[in-house]
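Undergrad: okay, structure incoming, though there's no sequence with it:
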């Protein structure tokens, strides 16, 4: 919990509860929380953590966290430094550990400080750290670590005090702000500002001044956190050096760097504010004229604060970084007057961002991040020719203008519509990072154009392409020539095929995430297994090859593997693998190619004992249509394999589709059964129940279904029959013989064709193919729904139906009946094929026979 925050409106309605409240700083905060928790005498527990003993008050159970023992302290120290406890180190390490008082943060901080230094420096560091009487030892050690930083890292660390407490800070966001502030200096010509700043970020990580936050999908460190104690330290240092001024609801009246007009006057002698972080609660307002000299402020980060309460935005003439998180865009009116602006980030909390025309005056702008924008990215954005980073969530981007931003190194777009932008991307040859998410499917032409454009971007390091695909066609990426520098690839495309990933073209690829439709060929996995630098593999696939055997020459550097299938690891295979996530299929699934894991890998022998560095195993068991005992048996086998591993890795077993699992009372021993189904009562979603009923009979050899056709359409009968046949041949473990009897066929109701629907949504509908299922009928009755249709649409459908029936070998009698003719649309527009004009006045019911 953030300091001074309070929990309000918490209602616990369950009979009992367990709640953990972390990092409470004040007694009154705990009292506020405690008032909301019902004391219902049901054995509920509440645990609070605090660094202030007064918070615990008179609570009955108070546990004081003990410091680490000397042995545990040494273990943590050596783990961080990567050195063994030899005799040379033992003496000085014991002295250093003694100064840390068993506090993990202190141990990690001083170990990070000493890591990589010669032994003589270890003695110097020990002698240099001197504690005063009652001095906070952890703070002293952190302060020493700060003063030991190179000069170029100190402002980068202090800048983190601009962010609110407990904020997960995106690495890319932070680096571009460092660049805008001028903290990053190129060491030689040809270097990239971003890459130099990235080294700064990694140095702070290695010194344990910031904490790494990994991306859940591919475990890349793409964010960071600042420990509360470290944040307190750098905030105090920032205040002392007048580096950052923080303004929040309790501070605006007493801050040393900001003051009210009535106390010192508009031209008071208060020191200048260089960087201002406004961290107000929603609804809080800052007193007017709180800031004396807005014209010297270099950086502003406003979280729910009203900037206009301090001074008009146009007054911040020296501002280089402006971050606004609020609900009102009125502050942006004079944005174009901030001529020195390098970084602009606007988050209107789900409201559309409006950029004034004056924005085109920001000639030095390097980074533009628009969290919520209008339907179309404003044209003025493309006049900002110095832009190096652009993030926007828009419906579409003018395709003919994106190519003007030739300096772009990072492009992140959420597009609701795809257009020719995929062609224009080829002009952005300096791109290092490209993230594009399309809300709709790309057609074949755009897919090919995208692949060709990406082949022209040879500076790309990170590539993320995501597309909502509704149809799966042949792969369209065979012509893609990836850049040699590509090290991170995330493809969320059903149409992408791993077969195009020739290992010789992906020599530096370290992180790979794929979300695709089908991956059934062994060649697909063979290509991935031969990628020489692959560290992390994450695959999401609905239809994937089962039981791939990993040889000793494959996945040589892989550390993290998350796949929806099972691997069998031979001796020497994936020797560096630490984290493994696999999926076990107990029964054959709806997808025909999914076979039970036991068939692919007998006794679930995955070869885990051949993975010497294994630390964590996660197994997802697909329980659908399998018995309770079978699932428990599989869990026991997996648990035994993990327990037998010398590393004793952590094991997590997850059951999915447990609701479809068959318990003992559902498993029936019958070998021959007969079941009735009323086709009229079946809906698409109901077929799963009938399929599940078949799977209850685990020993089934023959099953007969009596399909009652009364009141149903023949297309519905075919649908039910096909679903049952798939269940018997592709899902049931025994593949029973299926017999289907059709009852009351003479009572089938006519097929219904909807004229306007067929024309508007299925213009390529194949009536000839549709009529093939009626080829054995003597008479076909078809009802044509005319509601909302134009006359020529109805006539077109009728003509197509006549032709489709006429080409049958023994054409049946065709009866067509129009309904709701009076609700047809009167339209004078021409039939696009006949070129004539039609009107609904002459419509009539028709009966045709052949």
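TA: Yes, it's here. These numbers come from a predicted model, not from an experiment.

Undergrad: which residues does stretch 47-55 contact?
TA: With CB atoms under 8 Å, 6 or more residues apart in numbering as the test, stretch 47-55 has contacts from 18-27, 29-30, 56. (Each C-beta comes from the backbone N, C-alpha and C, glycine too.)

Undergrad: any of those residues buried? List them.
TA: Neighbour-count burial (16 or more other CB atoms under 10 Å) is assigned, among those, to 21, 23, 24, 25, 26, 29, 30, 56.

Undergrad: okay, those residues in a markdown table with distance to residue 526, secondary structure and pLDDT next?
TA: Converted to a markdown table, those look like this (distance: CB to CB, whole Å; DSSP: H, G, I helix; E, B strand; the rest coil; pLDDT from 0 to 100):
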| residue | distance to residue 526 | secondary structure | pLDDT |
| --- | --- | --- | --- |
| 21 | 51 | strand | 83 |
| 23 | 50 | coil | 77 |
| 24 | 55 | coil | 80 |
| 25 | 56 | coil | 73 |
| 26 | 60 | coil | 77 |
| 29 | 58 | helix | 78 |
| 30 | 59 | helix | 77 |
| 56 | 60 | helix | 71 |
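
Undergrad: state the pair within these that is farthest apart.
TA: The largest separation in the buried ones among the contacts of stretch 47-55, counting by CB to CB, is between 23 and 56 at 13.5 Å.

Undergrad: how about residue 693, what does it touch?
TA: Applying CB under 8 Å, 6+ apart, we find residue 693 in contact with residue 675.

Undergrad: pick out whichever of the buried ones among the contacts of stretch 47-55 sits closest to residue 279.
TA: residue 25 (15.8 Å).

Undergrad: which positions in stretch 733-743 come out as buried?
TA: Across stretch 733-743, burial judged by 16+ other CB under 10 Å covers 733, 736, 738, 740.

Undergrad: where's the dip in pLDDT among the residues you listed?
TA: The pLDDT minimum for those sits at residue 733, where the score is 74.

Undergrad: let me know the secondary structure of the closest residue to it other than its chain neighbours.
TA: Once flanking residues are discounted, residue 733 sits nearest to residue 587: 6.2 Å by CB to CB, 6 or more residues apart in numbering. Per DSSP: H, G, I helix; E, B strand; the rest coil, the secondary structure class of residue 587 is coil.

Undergrad: residue 587: what's it in contact with?
TA: Per CB under 8 Å, 6+ apart, neighbours of residue 587: 596, 622, 624, 625, 626, 695, 731, 733.

Undergrad: report the separation between residue 292 and residue 315.
TA: Counting by CB to CB, to the nearest Å, the gap from residue 292 to residue 315 is 11 Å.

Undergrad: now residue 576
TA: Per CB to CB, residue 576 is found 56 Å from residue 315.

Undergrad: which one's more surrounded, the two?
TA: The neighbour comparison of residue 576 against residue 315 (other CB atoms under 10 Å) goes to residue 315, with 18 against 15.

Undergrad: what's the burial count for the nearest residue to the more buried one once chain neighbours are set aside?
TA: Distances taken as CB to CB, 6+ apart place residue 294 nearest to residue 315, at 4.2 Å, with adjacent residues excluded. By other CB under 10 Å, the residues close to residue 294 number 22.

Undergrad: elements contacting the strand or helix carrying residue 200?
TA: Using DSSP states H and E, residue 200 maps to helix 193-206. Applying 3 or more CB pairs under 8 Å, 6 or more residues apart in numbering; DSSP states H and E, we find helix 193-206 packed against helix 154-158, helix 171-181, strand 221-225.

Undergrad: show me what the helix or strand where residue 703 lies is packed up against.
TA: Using DSSP H and E, residue 703 sits in strand 702-708. Contacts defined by 3+ CB pairs under 8 Å, 6+ apart place strand 702-708 against strand 672-678, helix 714-726, strand 737-743.

Undergrad: got the angle for the last one vs strand 702-708?
TA: For the pair strand 737-743 and strand 702-708, the angle between their directions (axes from the mean of the first three to the mean of the last three CA atoms, to 10 degrees) equals 20 degrees.

Undergrad: so what's residue 380 closest to, chain neighbours aside?
TA: Using CB to CB, 6+ apart, the closest residue to residue 380 is residue 360 (4.4 Å).

Undergrad: what's the answer for residue 546, then?
TA: residue 600 (4.2 Å).

Undergrad: can you pull the contacts of residue 465?
TA: 434, 436, 450, 490, 491, 492, 493.

Undergrad: how close does it sit to residue 585?
TA: Applying CB to CB, the value for residue 465 to residue 585 is 29 Å.

Undergrad: do you have the strands of the stretch 251-400 of the chain handy? List them.
TA: Secondary structure of the stretch 251-400 of the chain, counting by DSSP state E, counting those that start in this stretch: strands at 275-279, 299-303, 321-325, 343-347, 367-370, 389-394.

Undergrad: now the stretch 51-200 of the chain
TA: 169-170.

Undergrad: isn't residue 705 right next to residue 675, touching?
TA: Yes: Residue 705 lies in contact with residue 675 (CB atoms under 8 Å); the separation is 5.7 Å.

Undergrad: more crowded one of these two?
TA: Under the neighbour definition other CB under 10 Å, residue 705 and residue 675 were set side by side, and residue 705 has more, 21 against 13.

Undergrad: identify the bridge partners of that one.
TA: Taking DSSP bridges as the rule, residue 705 bridges to residue 675, residue 740.

Undergrad: ok so, going back, the contacts of residue 587 in helices, which ones?
TA: Among those, the members falling in helices (DSSP state H) are residue 695.

Undergrad: just give me the closest of the contacts of residue 587 to residue 642.
TA: Within those, the smallest distance to residue 642 is 19.0 Å, found for residue 622 (CB to CB).

Undergrad: tell me the pLDDT at the closest residue to that closest one other than its chain neighbours?
TA: Excluding its sequence neighbours, the residue lying closest to residue 622 (CB to CB, 6+ apart) is residue 585, at 4.8 Å. Note on residue 585: pLDDT of 84.

Undergrad: same check, this time on residue 685
TA: For residue 685, the predicted pLDDT is 51.

Undergrad: neighbours around residue 88, how many?
TA: 11.

Undergrad: doesn't residue 119 make contact with it?
TA: Yes: look at residue 88 against residue 119 with CB under 8 Å: they come within range, at 6.2 Å.

Undergrad: just to revisit the earlier point, and the contacts of residue 465, which is closest to residue 195?
TA: The closest of these to residue 195 turns out to be residue 434 (CB to CB; 16.4 Å).

Undergrad: which SS class is the most centrally placed residue in the chain?
TA: In the chain, the residue lying closest to the centroid (CA atoms, centre = their mean) is residue 217, at 6.9 Å. Here residue 217 is coil, with the state taken from three-state DSSP.

Undergrad: surely it is in contact with residue 490?
TA: Yes: look at residue 217 against residue 490 with CB under 8 Å: they come within range, at 7.3 Å.

Undergrad: give the residues shared as contacts by those two.
TA: The contact sets of residue 217 and residue 490 overlap at residue 513 (CB under 8 Å, 6+ apart).

Undergrad: how many neighbours does the closest residue in space to residue 798 that isn't next to it in sequence have?
TA: Distances taken as CB to CB, 6+ apart put residue 816 closest to residue 798, at 5.9 Å, once the chain neighbours are dropped. A count of neighbours around residue 816, defined by other CB under 10 Å, yields 21.

Undergrad: adjacent strands (with direction) for the helix or strand encompassing residue 816?
TA: Using DSSP H and E, residue 816 sits within strand 813-819. Here strand 813-819 has these sheet partners by DSSP bridges: strand 779-785 (parallel).
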